[in-house]
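Asks: Give me a model of this one.
(one chain, ligands or ions: 3)
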Amino acid sequence: MEVVGARAPGKIILAGEHAVVHGSAAVAAAIDLYTRCSLRLLTEDESASSAVELELRDPGLAFSWPCARLREVFFPTDSDSAAAGEPRPCSPDLLAAIARLLEEQEIPEAKIWLSSGLSAFLFLYTSILGCRAGKVTVSSDLPMGAGLGSSAAFCVSMSGALLTAAGVVAVGGGGGKGWELVRKDDLELVNRWAFQGEKIIHGKPSGIDNSVSTFGSMIKFKKGELTSLKSSNPVKMLITDTRVGRNTKALVAGVSERSSRHPDAMASVFHAVNSISEELSSIVELTANDEIAITSREEKLAELMEMNQGLLQCMGVSHSSIETVLRTTLKFNLVSKLTGAGGGGCVLTLIPTRILFMPKSSSRIVFAALKLRLVDRVFKFAKETADVLMEMCTTFFFF
Ligand SMILES: Nc1ncnc2c1ncn2[C@@H]1O[C@H](COP(=O)(O)OP(=O)(O)OP(=O)(O)O)[C@@H](O)[C@H]1O
Ligand SMILES: C[C@@](O)(CCO)CC(=O)[O-]
Ligand SMILES: [Mg+2]
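Replies: Ligands and ions are numbered 1, 2, ... in the order given. Next up is the predicted model:
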């Protein structure tokens, strides 16, 4: 049995990160960067030592666990109780046992942050497939721990591959193309298992990252409820990676601690973020027929992003590297906000359409850009802004 190239996208959060963990609305969109997972169940002939193998292409590491050792940790009473149909959480005792199991692997100190991903992998694999020998290969376009939902894309692509190998999810069952190839019920099952993996990596995830990675497109998410947003006018964003590493679990815990120290003040902050996300979601859904000019729509979006960034600073999740990107883009009259958990990681910059249609702009960059064709203009503009940022960051383009 072989599953090839189950893939799940990363995401950006346009508004509402952190507050969404505390019940506020948030808006997220899938991006065109993916994590891919392939899986081959091994026969006894192929796996002489009978092991579960994991190859992580991007950090360039491979791991192997003998099935007998996994059985001791995951099914000590000898009852192989993998039950793919019903997602369940990893108990604290099992998590501690997984941590001891990982100590037997020689994970390089510089890559110790991979442990949470490996724990999620072992939990998902054994819960869905038991201790059957198999080889899993993962590769990703996403920077890890940078706010673009790498943990969720890892858990969603992994759950999709495992559930398909277990014969629970059928590709093609939903007809259609792309996302429609998998039936909605099956996607929901993949999403619920991925959420259990996210809990191991994040501690207390809201579920927004795994939901947008599973269902794609743009969503509003509040208290576990997902609403699909239909946007006929694409929003153009520049994504800048500050390359300052951070860990979502610690940042989420930090906001909860601040919230227990200042419950009233933080409740007001979360309430304000909720209003921002609600307003932002209604603006992205406006169609060409609605009587609001694109420019004023984008001005509103920019203002809401700016307000959200201020509130994220209030929560204590900004960082000097993020502030540097904000100041740099402001010099070009562009608004930015952090995306994902903050503390470093990626920053979003709204690229307004006015950049395309302002021939009399005094901006040297826009002027240079106007010499190019339409698509090139945006690219060139973004590229020159990006060149300034490139001194300290990596920049991705997202149009
Ligand atoms: N391709 C992968 N292979 C192995 N582990 C991964 C992979 N992608 C993510 N992970 C795990 O997820 C962790 C990063 O998750 P974290 O939630 O901190 O950041 P993120 O998901 O990239 O950002 P955010 O949660 O803010 O969107 C890594 O440290 C690793 O344990
Ligand atoms: C910081 C957070 O709000 C988003 C991380 O991408 C955490 C979560 O919602 O699970
Ligand atoms: Mg994450």
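
Asks: Smallest gap between the stretch 1-150 of the chain and ligand 2, at which residue?
Replies: The stretch 1-150 of the chain approaches ligand 2 most closely through E17 (3.9 Å), counting by C-beta to the nearest ligand atom. All C-beta spots, glycine's among them, are computed from the backbone N, C-alpha and C.

Asks: Can you get me a residue count around that residue?
Replies: 33 (other C-beta atoms under 10 Å).

Asks: Let me see the ranges of the strands in the protein.
Replies: 2-15, 26-41, 51-56, 61-66, 134-140, 218-222, 225-229, 237-241, 336-338, 346-350, 394-398 (DSSP state E).

Asks: wait, does the shortest one contact ligand 2?
Replies: No: contact check for strand 336-338 against ligand 2, using C-beta under 6 Å from any ligand atom: none in range, with a minimum separation of 9.9 Å.

Asks: strands paired with that strand, and their directions?
Replies: strand 346-350 (antiparallel) (DSSP bridges).

Asks: For the strand it pairs with, which outside residues touch it?
Replies: Identification of contacts with strand 346-350 by C-beta atoms under 8 Å, 6 or more residues apart in numbering yields 12, 14, 143, 146-148, 235-242, 298, 301-302, 305, 322, 325-326, 329, 334-340, 385, 396.

Asks: distance between that strand and the chain's centre?
Replies: Put simply, strand 346-350 sits 15 Å off its chain's centre (C-alpha atoms, centre = their mean, to the nearest Å).

Asks: That one near ligand 2 anywhere?
Replies: No: Strand 346-350 is not in contact with ligand 2 by C-beta under 6 Å from any ligand atom; minimum separation 10.0 Å.

Asks: pLDDT (mean, whole number) over that strand?
Replies: Per-residue pLDDT over strand 346-350 has a mean of 92.

Asks: just the angle between it and strand 237-241, please?
Replies: Angle of strand 346-350 versus strand 237-241, following axes from the mean of the first three to the mean of the last three C-alpha atoms, to 10 degrees, is 160 degrees.

Asks: Determine the angle, from 0 to 180 degrees, between strand 346-350 and strand 2-15.
Replies: If you take the same axes, to 10 degrees, strand 346-350 sits at 60 degrees to strand 2-15.

Asks: Low-confidence bits of this structure, can you list those?
Replies: Applying pLDDT under 70 to the chain flags residues 44-48, 78-84, 172-181, 288-291, 354-399.

Asks: So which bits of it are right by ligand 3?
Replies: S151, T248 (C-beta under 5 Å from the ion).

Asks: All the helices of the protein, in order from the start?
Replies: 67-74, 92-103, 115-129, 150-165, 184-202, 208-215, 248-261, 263-284, 294-315, 320-330, 354-357, 364-369, 374-390 (DSSP state H).

Asks: Turn the ones you listed into JSON lines, including mean neighbour count.
Replies: Shown next, in JSON lines, are the helices of the chain (neighbours: other C-beta atoms under 10 Å):
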{"stretch": "helix 67-74", "mean neighbour count": "16"}
{"stretch": "helix 92-103", "mean neighbour count": "14"}
{"stretch": "helix 115-129", "mean neighbour count": "23"}
{"stretch": "helix 150-165", "mean neighbour count": "29"}
{"stretch": "helix 184-202", "mean neighbour count": "22"}
{"stretch": "helix 208-215", "mean neighbour count": "28"}
{"stretch": "helix 248-261", "mean neighbour count": "17"}
{"stretch": "helix 263-284", "mean neighbour count": "18"}
{"stretch": "helix 294-315", "mean neighbour count": "18"}
{"stretch": "helix 320-330", "mean neighbour count": "18"}
{"stretch": "helix 354-357", "mean neighbour count": "17"}
{"stretch": "helix 364-369", "mean neighbour count": "16"}
{"stretch": "helix 374-390", "mean neighbour count": "17"}
